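# sequence and predicted model, in that order:
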Amino acid sequence: MDFTESPVAADAALQARIEHARRATLRWLDCMQHPGAARGVSRISAAHDAAAWPGVLLPGTYNAVLARALLGDLVDWSPQERSALAQWLRTHRRPDGIFRVPGMTDATVYKKPDLAETWRYIDFHVTNYSLGALEMLEPDRVPVLDFVDPWLDPLHLKAWLADRDLRDPWQEGNNIVNLGSFLLLRARHGQAAERARVDACLAILFEWHDRLQEPSTGFWGVGQAHDPVSALHAMAGSMHNFHLWYSCGRPLKFQDRAVDWSLAQPALVHSACIDVDLVDLLVHAHGLLDHRRGDIERWLAALLPRLLDLQRPDGGFHDVAGGVRRQDGWVGGYEEPQGLSNTFATWFRWIAIAMIADLFWPGRWPWVFRGMVGIGYRRPGVSS
């Protein structure tokens, strides 16, 4: 679509503001560098004491790498710098391919009453982001994905899906998209027989989703029609699942209903997660559907300056204003005050800003979105 007549597209001051914000964030990321380590090894925030909490350097770093890649910074790094940082990341990998944050223990983690389910959620999440960072640094290197083997058994996959609890669709959306990302990586790097096994597993995943999708919203989750919070969490979880449709080039049923629900929400900032989920959903729909494109543009145009307003004086972004921020699932581990610039929120905020900017000004900035499904992924070729 031609945006030359759009007031947003013609707003040179807004474009200049985005570029100023991008450069400020890159300066802030440089300040998060951990002294004495490979270039790019990063504290998660200015409050992070890496001597007391060395394990937090892993999420601090993979978030920072993905933010730098998105902002077009890694193109200026030497091959030696990329390789050294990739090797540092791989020191956190187990032989089966799972990445773990050092310091996490059974006694300090929780996502579900079942400890194995808790670890599976955390392991999938940390591994997806670690592999995403490695893909940006060494895109041709084949990842270790031996831990995925059980899910290539259709019976195991069906049993695992039967245990998904759609009373918490946000958590389960993360579980499913992370597994999907690993399956798609296996197919990308595998031979024909491996790709056939993955295709069979993806067919099971899609069939499971087709049976349980709510037609009125296009989301998955219990209680959407009766509780606004349940509906919001269903959107947040489902947006992750949508990536599997985008990546596989499949038409997404009820996508127009998901757009209608999202546009009914005010174009205001919430958390870094919720904001990027809504933007991702609407930007992808804008490129894939001929449905309310003008309304989508107006909604995104209203949100963009509000996202930029969140940038802190140091150049980073925070998640929410108050409370305590923890690494997902590490309930008895590292914590810091909310309201601080941190690499997690900075990356998420920039995904939302970059997706909107790329819709209005395609090619204006060298955004590098993830190729792996999950937060930060954008389907190639959906720019309007």
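Here it is on my side, so go on.
# in the stretch 251-384 of the chain, which spans are helices?
Here the stretch 251-384 of the chain has its helices, by DSSP state H, counting those that start in this stretch, at 255-263, 272-288, 293-309, 343-360.
# in CSV, list those along with mean neighbour count and distance to residue 127.
Where you see a C-beta, it was placed from the backbone N, CA and C, and this is true even at glycine. Compiled in CSV, the helices of the stretch 251-384 of the chain are given as follows (neighbours: other CB atoms under 10 Å; distance: least, CB to CB, whole Å):
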stretch, mean neighbour count, distance to residue 127
helix 255-263, 20, 28
helix 272-288, 23, 19
helix 293-309, 17, 28
helix 343-360, 25, 16
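# residue 56: which of those helices is closest?
helix 343-360 (10.0 Å; CB to CB).
# packing partners of the closest one?
Using 3 or more CB pairs under 8 Å, 6 or more residues apart in numbering; DSSP states H and E as the contact test, the elements touching helix 343-360 are helix 12-31, helix 57-70, helix 272-288, helix 293-309.
# got JSON lines for these, with mean pLDDT and distance to residue 260 too?
Shown next, in JSON lines, are those (pLDDT from 0 to 100; distance: least, CB to CB, whole Å):
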{"stretch": "helix 12-31", "mean pLDDT": "97", "distance to residue 260": "27"}
{"stretch": "helix 57-70", "mean pLDDT": "98", "distance to residue 260": "29"}
{"stretch": "helix 272-288", "mean pLDDT": "97", "distance to residue 260": "10"}
{"stretch": "helix 293-309", "mean pLDDT": "97", "distance to residue 260": "9"}
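# distance to residue 223 added to these, as a markdown table?
Formatted as a markdown table, the helices and strands packed on helix 343-360 follow (distance: least, CB to CB, whole Å):
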| stretch | distance to residue 223 |
| --- | --- |
| helix 12-31 | 38 |
| helix 57-70 | 31 |
| helix 272-288 | 18 |
| helix 293-309 | 25 |
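# re the thing from before, do you know which of the helices of the stretch 251-384 of the chain lies nearest residue 144?
Nearest to residue 144, of all the helices of the stretch 251-384 of the chain, is helix 343-360, at 23.9 Å by CB to CB.
# what about that closest one, distance to the chain center?
11 Å (CA atoms, centre = their mean, to the nearest Å).
# now do it against helix 293-309, angle only.
If you take axes from the mean of the first three to the mean of the last three CA atoms, to 10 degrees, helix 343-360 sits at 140 degrees to helix 293-309.
# still on that earlier bit, mind putting the helices of the stretch 251-384 of the chain into CSV with distance to residue 188?
Formatted as CSV, the helices of the stretch 251-384 of the chain follow (distance: least, CB to CB, whole Å):
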stretch, distance to residue 188
helix 255-263, 25
helix 272-288, 21
helix 293-309, 31
helix 343-360, 22
